[in-house]
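> Return a 3D structure for these sequence lines:
(one chain, ligands or ions: 1)
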Amino acid sequence: MKLGLIGLGIMGKPMARNLLKAGYDLTVYDINKGPVKEVVEAGAREAADVREIGANCDIIMTMLPDSPHVKSVVLGEGGLIETIREGSVFIDMSSINPVASQEISAELEKKGVKMLDAPVSGGEPKAIDGTLAFMVGGSQDVFDKCKPILEAMGSSVVRCGDIGAGNTTKLANQIIVALNIAAVSEAFMLAEKAGVDPQLVFEAIRGGLAGSTVMEAKAPMIMAGNFKPGFKIDLHIKDLNNALSAGHSVGSPLPLTAQVMEMLQVLRIDGCGQDDHSAIAKYYEKLANTKIGRE
Ligand code: NAD
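Here you go, the predicted model:
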């Protein structure tokens with residue numbers, strides 16, 4: 001079985017390494033040649049273009065930024081749709097709008113190609129460790145066939161429903177993460193301004209009800225003023241945009257998401273779009289003219 005992977009960024013590159021470690025025959029493509037070279041040195045083949053992957057691979061995966069990138073790679077000129085073979089499977093692991101997943105799937109269906117939308121949670125460290133959480137949409141039989149491949153990159157692989165359900169689940173995940181970072185930032189700023197050391201607040205509450213995976217990962221970064229991505233503000237804006245759009249179309253108001261979205265907009269205007277999303281703390285630091293946990 002030949003696998004193809006398009007998109008070797010922060011996430012795609014370590015995911016490719018884990019597929020190689022698991023012994024899969026992997027062909028890769030990215031417009032950025034730096035990571036392609038690294039993954040080829042680790043044992044992958046390099047494709048000259050997307051069409052070559054379509055023509056030669058049985059299961060084709062993408063790990064791209066957003067809906068327009070996935071649509072262009074699959075349906076655009078020179079895209080997979082031109083060469084992909086009947087009976088092959090397309091797995092999009094990017095976080096995109098669930099409506100786009102359904103549109104892409106409908107076009108591939110006309111060529112006899114089945115699709116899964118399989119976005120992930122966990123970020124770069126878990127992509128490196130191979131412990132990502134996959135949330136998957138698509139039919140049960142295609143899911144069962146592809147599950148071992150996803151398990152080479154993740155420790156949790158859950159089918160959430162039909163096509164689009166993976167990305168709907170991912171939007172739910174991204175709402176919870178963004179609001180949680182904002183809550184941690186707001187609360188730690190209160191402690192800082194009240195003269196209580198945020199590090200001690202963290203130690204006191206991390207094991208209680210307020211503790212969370214988000215707090216464990218992001219509170220130390222916030223207190224160290226380390227906003228190296230990780231997961232970029234610009235990507236989280238993309239996800240909340242997709243969440244608000246999906247919420248509007250299904251009739252689910254998202255008032256807290258809208259509020260955190262505006263915080264992210266302020267940060268982007270302030271030149272922080274490429275910072276880790278833990279930089280939501282910077283919004284509060286600007287409001288209160290105080291740093292959290294330092295000076
Ligand atoms: P990234 O920007 O680091 O990587 C995207 C890669 O796609 C880049 O290498 C880019 O060159 C490549 N690319 C773009 N257009 C292309 C095209 N037309 N053809 C071939 N390659 C192309 O992004 P990332 O952080 O790896 O994220 C990828 C996806 O995973 C996003 O949807 C993101 O929301 C999601 N995600 C990211 C994280 C994280 O922590 N970084 C965590 C979970 C999910």
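
> Check the secondary structure at I10 for me.
State at I10, reduced to three classes by DSSP: H, G, I helix; E, B strand; the rest coil: coil.

> For it, give me phi and psi.
phi -50, psi -40 (degrees, to the nearest 10).

> May I ask you to confirm that it is in contact with P229?
Yes: assessed by C-beta atoms under 8 Å, I10 is found in contact with P229 at 7.2 Å. Glycine gets a C-beta too; all of them are placed from N, C-alpha and C.

> Name the residues that touch the helix or strand harbouring A246?
In this assignment (DSSP states H and E), A246 forms part of helix 233-250. Contacts with helix 233-250, where a contact means C-beta atoms under 8 Å, 6 or more residues apart in numbering, come from 65-67, 95-99, 167-168, 170-171, 174-175, 177-178, 252-254, 257-258, 260-261, 264-265, 267-268, 272-277, 279-280.

> PyMOL command for the buried members of these?
The command below creates a PyMOL selection of those among the contacts of helix 233-250 that count as buried (16 or more other C-beta atoms under 10 Å):
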select buried, resi 65+66+67+95+96+97+98+99+167+168+170+171+174+175+177+178+254+257+260+261+264+267+268+272+273+275+276+277+279+280
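
> restrict the contacts of helix 233-250 to contacts with the ligand.
65, 95 (C-beta under 6 Å from any ligand atom).

> Identify the residues contacting the very next helix or strand once past the helix holding A246?
Going down the chain from helix 233-250, the next helix or strand is helix 255-269, by DSSP H and E. Contacting residues not belonging to helix 255-269 are listed as 175, 178-179, 182, 233-234, 236-237, 240-241, 243-244, 247, 273, 275, 277, 279-280, 282-283 [C-beta under 8 Å, 6+ apart].

> could you redo the last one with a cut-off of 10 Å?
Residues from elsewhere that reach helix 255-269 (C-beta atoms under 10 Å, 6 or more residues apart in numbering): 171, 174-183, 185, 227, 233-234, 236-241, 243-244, 247, 254, 272-275, 277, 279-284, 286-287.

> returning to that earlier point: tell me which residues in the helix holding A246 are buried?
Neighbour-count burial for helix 233-250 flags 233-244, 246-247 (criterion: 16+ other C-beta under 10 Å).

> Which single residue of the stretch 1-150 of the chain ends up nearest the ligand?
Nearest residue of the stretch 1-150 of the chain to the ligand, counting by C-beta to the nearest ligand atom: G9, 1.7 Å away.

> so how many other residues sit close to that residue?
A count of nearby residues for G9, using other C-beta atoms under 10 Å, gives 16.

> how much space is there between it and G43?
Distance of G9 to G43, given as C-beta to C-beta, to the nearest Å: 19 Å.

> For the residue of the stretch 151-295 of the chain found nearest the ligand, give me its contacts.
The stretch 151-295 of the chain approaches the ligand most closely through F231 (3.6 Å), counting by C-beta to the nearest ligand atom. Contacts of F231 were listed using C-beta under 10 Å, 6+ apart, and they are 10-11, 121-124, 174, 177, 181, 217-218, 239, 275-278.

> cool, N167 as well?
Contact analysis of N167 by C-beta under 10 Å, 6+ apart lists 67, 92, 94-102, 117-119, 135-137, 160, 239, 242, 246.
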